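*Asks:* Give the three-dimensional model of this entry:
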Amino acid sequence: MKKFLLILLAMSLLTACANTPAPVKLTLQTTTMKFEPATLEVTAGQPVELTFQNDDVLDHDFSIMEIPIMNMSSASEPMAGHDMGNMSGEPDLHIAVAVGKSSVLKFTPTKPGTYEFYCTVAGHKEAGMVGTLVVKAP
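*Replies:* All right, here's what the predicted structure looks like:
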């Protein structure tokens with residue numbers, strides 16, 4: 001009986017792993033107070049691995065205030081002195097990157113829609129550091 005349960009458990013784990021889609025890998029760069037590309041497209045339910053690369057001469061971040069997501073994680077170094085301006089709340093997605101560095105943000109969007117992303121550093125959004133994340137239906 002134990003052997004049967006172990007085989008059943010192993011098969012369940014393999015099935016779960018096989019049903020998890022591979023992440024879509026995207027790169028977002030900052031250059032001269034703008035995001036490149038300014039529009040990103042992903043699919044709801046598909047994991048996203050976003051590499052955020054800061055090629056500008058100023059610190060920047062990537063933030064989306066409200067977006068339905070699951071399984072978020074980031075691989076970034078803490079950025080001392082990072083100022084998100086006068087934000088009234090915490091963004092659902094956020095990653096800050098120092099000059100010349102890059103970080104990876106992993107998440108799975110769960111609802112189709114169009115979501116604005118921007119840099120929260122004071123004055124950067126107003127200077128044009130905005131973009132759009134389009135989440136398509138599966």
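*Asks:* List the buried residues of stretch 42-52.
*Replies:* With burial defined by 16 or more other Cβ atoms under 10 Å, the residues of stretch 42-52 counted as buried are V42, T43, Q46, P47, V48, E49, L50, T51, F52. C-beta: built from backbone N, CA, C; applies to glycine.
*Asks:* If you could redo that for stretch 27-38, that was the one I meant.
*Replies:* Along stretch 27-38, the positions that meet the burial threshold by neighbour count (16+ other Cβ under 10 Å) are L28, Q29, T30, M33, K34, F35.
*Asks:* can I assume the last one sits in a strand?
*Replies:* Yes. Note on F35: a strand contains this position according to DSSP: H, G, I helix; E, B strand; the rest coil.
*Asks:* Leaving out sequence neighbours, find the closest residue to it.
*Replies:* Spatial nearest neighbour of F35, chain neighbours left out: G131 (4.4 Å); criterion: Cβ to Cβ, 6 or more residues apart in numbering.
*Asks:* Touching, the one you found and C119? I think so.
*Replies:* No. The pair G131 and C119 fails to qualify as a contact (Cβ atoms under 8 Å) at a distance of 9.4 Å.
*Asks:* thinking again about what came up before, with secondary structure as extra columns, can I get the buried residues of stretch 42-52 in TSV?
*Replies:* Formatted as TSV, the buried residues of stretch 42-52 follow (three-state DSSP):
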residue	secondary structure
V42	strand
T43	strand
Q46	coil
P47	coil
V48	strand
E49	strand
L50	strand
T51	strand
F52	strand
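*Asks:* which pair in these spans the largest distance?
*Replies:* Across these, no pair lies farther apart than T43 and F52, at 19.8 Å, counting by Cβ to Cβ.
*Asks:* out of the buried residues of stretch 27-38, who's nearest K125?
*Replies:* If you rank the buried residues of stretch 27-38 by distance to K125 using Cβ to Cβ, M33 comes first, at 10.1 Å.
*Asks:* In which helix or strand does E41 reside?
*Replies:* Taking DSSP states H and E as the criterion, E41 maps to strand 39-43.
*Asks:* No further queries at this time; thank you.
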